[in-house]
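Enquirer: Provided below for reference: sequence and predicted model.
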Amino acid sequence: MNPIVRALFSAWDLRPEVLLVLGTMLLLYCLGWWRIRRRNPQSKLATKLRLASYLSGIFLVAAMLLSPVDALSGQLFFMHMTQHMVMITFAAPLLWLGNPFPISMWALPKPISRLISRLISSNSLLRPLFVGITTPGVSWFIFLAVYLGWHDPKLYNSALYHDRVHDLQHITFFLAALLYWWPIFDGAPKFQKRMSTPARLAYLLGVIPPTMAAGIVIATSPVLIYTYYASVPNIWGMDKLFDQAMAGAIMWIPGNEMQVQVAVILLYR
């Protein structure tokens, strides 16, 4: 086998905890989708487009966390930034397009689905918490705080040096992204009134200035901001500052492209 191909396949890290979570999400969704389609083949809830969107979202998360991309992210800053951008700006919206909650509920045993329904009902003690964190202003702030907060040099370096901190970074990034995109796609369960188009546009585009500013700072810095990358081998002969500039450019431009595209779709509709 070609050495490059062998190295590519050997770099896959099939972590059991990641496979378990993604496998469970995939199983519940596919089983629920199949049950709905068996009951009503013309269902507007379980459409083929929703299934394709959800499967694509799961695939992207798996590719970013299990493939050589994850291994390279510890060597190249721009690969690490790409990993985060794909999960935040592509995987999370694709999962929401699949409308996962009501479809996955169809896969659960009735006692469990009833318990979940009670936990999110208007009489539940947890209801105020769900209402609070899904308030658009709150979800917007949480996403921005998590997203920018992890780019603090000390926190970012800590994530690169310590696997458990790195896992926490990925989990909080992804959960914050799901929370951020929730009001845009008006996904179930619904704890808030549907946002108007102007409100959704402001919500979407409001994250661009601060994230763009962070990307510009990283891209144009004359020194290495994240010193961890100075301690790793210089693979592919890439200059460390050029690697950092590429990472900042990814955060600056592609990292905000999805918000612009969704805003255009909202205006068109």
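Expert: Sure, I can see it.

Enquirer: got a pLDDT number for residue 258?
Expert: Note on residue 258: pLDDT of 89.

Enquirer: what's the helix or strand for it?
Expert: helix 254-268 (DSSP states H and E).

Enquirer: what is the end-to-end distance of stretch 187-200?
Expert: 14 Å (C-alpha to C-alpha, to the nearest Å).

Enquirer: how about that stretch: buried residues?
Expert: Going by neighbour count (16 or more other C-beta atoms under 10 Å), the buried part of stretch 187-200 is 187, 191, 200. Just so you know, the C-beta spots here come from the backbone N, C-alpha and C atoms, and that holds for glycine as well.

Enquirer: now the residues you listed as TSV including secondary structure, distance to residue 56 and pLDDT?
Expert: Output for those, formatted as TSV (DSSP: H, G, I helix; E, B strand; the rest coil; distance: C-beta to C-beta, whole Å; pLDDT from 0 to 100):
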residue	secondary structure	distance to residue 56	pLDDT
187	coil	16	88
191	coil	26	93
200	helix	23	94
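
Enquirer: pick out whichever of these sits closest to residue 235.
Expert: Lowest distance from residue 235 to the buried residues of stretch 187-200 (C-beta to C-beta) belongs to residue 187, with 40.1 Å.

Enquirer: my read: residue 174 touches residue 92, true?
Expert: Yes - counting by C-beta atoms under 8 Å, residue 92 is a contact partner of residue 174 at 6.8 Å.

Enquirer: neighbour-wise, which of the two wins?
Expert: Between residue 174 and residue 92, residue 92 has the larger neighbour count (other C-beta atoms under 10 Å), namely 26 against 20.

Enquirer: which helix or which strand is home to the more buried one?
Expert: With DSSP H and E as the test, residue 92 turns up in helix 92-97.

Enquirer: send the alpha carbons of that helix over as PDB?
Expert: Extracted as PDB, the C-alpha positions of helix 92-97 are listed here (Å, rounded to 0.1, in the frame of the first residue of the first chain):
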ATOM      1  CA  ALA A  92     -25.000  22.100  13.400                       C
ATOM      2  CA  PRO A  93     -27.400  23.800  10.800                       C
ATOM      3  CA  LEU A  94     -27.600  20.500   8.800                       C
ATOM      4  CA  LEU A  95     -28.700  18.700  12.000                       C
ATOM      5  CA  TRP A  96     -31.400  21.300  12.700                       C
ATOM      6  CA  LEU A  97     -32.700  21.000   9.100                       C
END
